[in-house]
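Asker: here is my input, please return the structure:
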Amino acid sequence: AGAGGGRVAVTLDCTAFYPTGGGQPSDTGMLNETRVVECIETEGENVLHVLQGRELQMGARVVGQVDWPRRLDHLQQHTGQHILSQAFINLFDAETRGFRMLDQYSEIDIALDAPTEEKIDKAIELANRIIWEDRAINIRQVTKEEAAQLPLRKDSAREGELRLIEIEGFDLTPCGGTHAGRTGEVGIVAVRSFERAKGLTRIDFVAGNRALNDYR
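Answerer: This is a model prediction of the structure:
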């Protein structure tokens, strides 16, 4: 199918490529020898793999290869956000209202009144303790009814079966993004800055390899 700008997109019967959504950019990679530059979820929950270069034949069997450094970067930031968000809940009962993963850092909007460096530092210390304890991260599939009986960090408007990300003994949240297998894979979470924005506290943070690059 045409994807605009002269590009071509294909769908597969199954895929490991993550499409843009939930504040997280999509995977990139290869289908056989053809470059996948973006993935987009359609209304029917199919994934459009936007191609660069040669086209693939209808009905062809392809081998997909996800760009692992990009996937690792995204799962470090997204899992880091889950941990940091729960840290603010535990310490200050401050919910996360928004999340955006940008090129160099990520943003979360927290319902935290009167933010101070001391409060931010406490949340960062707790988040990194959870990371360094290398806790297991499990994926659970539950019905809407089952989810209503669980202590979820946030509700989901999604109908049907829900995918829950469970950080052992710490966080349980419905989410469709990519995450680490254990918290240790996140490495470290660090806050770059914070400010008041639209009645919330906006926090810019980096996790994993982004933290290393920021330190450099």
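Asker: and the helix ranked longest in the chain, what's buried?
Answerer: Determined from DSSP state H, the single longest helix within the chain is helix 68-92. Neighbour-count burial for helix 68-92, with 16 or more other CB atoms under 10 Å as criterion, is recorded at 71, 73-90, 92. Glycine gets a C-beta too; all of them are placed from N, C-alpha and C.
Asker: now the helix or strand of the chain with the lowest mean pLDDT, how far from the centre of its chain.
Answerer: In the chain, the helix or strand scored least confidently by mean pLDDT, DSSP states H and E is helix 144-148, which has a mean of 80. Computed by CA atoms, centre = their mean, to the nearest Å, the separation of helix 144-148 from the middle of its chain amounts to 22 Å.
Asker: mind giving me the packing neighbours of it?
Answerer: Helices and strands touching helix 144-148, by 3 or more CB pairs under 8 Å, 6 or more residues apart in numbering; DSSP states H and E, are strand 162-167.
Asker: nearest residue to the middle of this structure?
Answerer: The C-alpha lying nearest the average C-alpha coordinate of the chain belongs to His78 (CA atoms, centre = their mean; 3.3 Å).
Asker: residues in contact with the closest residue to that residue other than its chain neighbours?
Answerer: Leaving aside its sequence neighbours, His78 sits nearest to Gly177 (CB to CB, 6 or more residues apart in numbering; 4.7 Å). Contact analysis of Gly177 by CB atoms under 8 Å, 6 or more residues apart in numbering lists 18, 21-24, 74-75, 78, 165.
Asker: pLDDT check: weakest of the residues you listed?
Answerer: For the contacts of Gly177, the weakest pLDDT value sits at Gly22, with 78.
Asker: so how many other residues sit close to that residue?
Answerer: Per other CB atoms under 10 Å, the neighbour tally for Gly22 reads 13.
Asker: next one: Asp155
Answerer: Asp155 has 10 neighbours, counted by other CB under 10 Å.
Asker: now do Lys198
Answerer: 8.
Asker: any idea how far it lies from Phe92?
Answerer: Taking CB to CB, to the nearest Å as the measure, Lys198 and Phe92 are separated by 18 Å.
Asker: and for Arg71?
Answerer: Distance of Arg71 to Phe92, given as CB to CB: 32 Å.
Asker: can you check Val62 too?
Answerer: For Val62, the distance to Phe92 (CB to CB) stands at 48 Å.
Asker: swap in Asp13?
Answerer: Taking CB to CB, one finds Asp13 at 46 Å from Phe92.
Asker: how about the strands in the chain?
Answerer: 8-10, 29-31, 34-41, 47-52, 64-66, 96-101, 106-110, 137-142, 162-167, 171-174, 189-197, 200-207 (DSSP state E).
Asker: so who does Arg97 touch?
Answerer: By CB under 8 Å, 6+ apart, Arg97 lies in contact with 109-111, 200.
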